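**Student:** structure of the sequence below:
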Amino acid sequence: MKRTFLILLGCWILANPESLLAQPSSRSLTQEAMTECHDGRVDRDRASRVGHFERGQALGEQAVALDDRSADAHFALFCNLGELMRIDGEPSITSVMGFRRMTNELDRTLELAPDHLDALSAKGAFLLRLPPLLGGDREKGEKLLQYVLLKSPQSVNARLSLAKRYCADGRHSEALSLAFEALDLIQTYRWDDFAPEAEKVLAQLHASATKAN
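**Tutor:** Next up is the predicted model:
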């Protein structure tokens, strides 16, 4: 009987070799998706960036499918969707379906983890940038970003988002201070994926300050 069982087990394994391979977990897929988002931000070649973000999106979708209650999985998917939408600049809302899906992933992240600081930073940035008719709320956005900085003084995204808002309000000195702080953090901790955004924001701030003077 035992020998028969072993023979049958061996036959089943031979017929199903994939059963021996460990299935990826939601956590590992989430980490891979975030790596793709990071690498896409660093890459300077447009086609390569798109490739990274599309792979990241696919990995994020798999992670969410395996564990819909993983806030980090939803955020990883949001990260890649958002970067794809802003591949040629700031996220466009002309693609209503794409924009809605991206914001749904962000909202789902915060529904599952209300104190998810990266998601709060992204939410604050959207509230600052969007017009009121599309859900924008400048006061709430600023408060969210200030809360993120209070909880995580090393947040680069929150600083850059606030810097752009302050510049738009004519507060050029405060805006430049925040942007330089962000650049200093990037250089200190070698967060190279944030460098392109910081450089772009600084260039915009310098141009705006020069124009204002």
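
**Student:** wait, what's in contact with His206?
**Tutor:** Leu176 (Cβ atoms under 8 Å, 6 or more residues apart in numbering). Every residue, glycine included, has its C-beta placed from N, CA and C.

**Student:** phi, psi of it?
**Tutor:** Main-chain torsions, His206, degrees, to the nearest 10: phi -60, psi -40.

**Student:** so what are the domain limits for this protein?
**Tutor:** For the chain, automatic domain parsing gives the domain ranges 27-115, 148-213.

**Student:** what's next to the longest helix along the chain, contact-wise?
**Tutor:** When the chain is parsed with DSSP state H, its longest helix is helix 46-66. Helix 46-66 has contacts (Cβ under 8 Å, 6+ apart) with 24-27, 29-30, 32-37, 39-41, 43, 70, 73-74, 76-81, 83-84, 87-88.

**Student:** next: stretch 117-131.
**Tutor:** Identification of contacts with stretch 117-131 by Cβ under 8 Å, 6+ apart yields 71, 75, 78, 82, 90, 93, 103, 106, 109-110, 113, 135-138, 140-145, 147-148, 151-152, 155, 157-158, 161, 164-165.

**Student:** quick one: the one helix or strand Glu174 maps to to chain centroid distance?
**Tutor:** Assessed by DSSP states H and E, Glu174 sits inside helix 172-189. On the basis of Cα atoms, centre = their mean, to the nearest Å, helix 172-189 sits 20 Å off its chain's mean C-alpha point.

**Student:** try stretch 32-46
**Tutor:** Distance of stretch 32-46 from the chain centroid (Cα atoms, centre = their mean) equals 11 Å.
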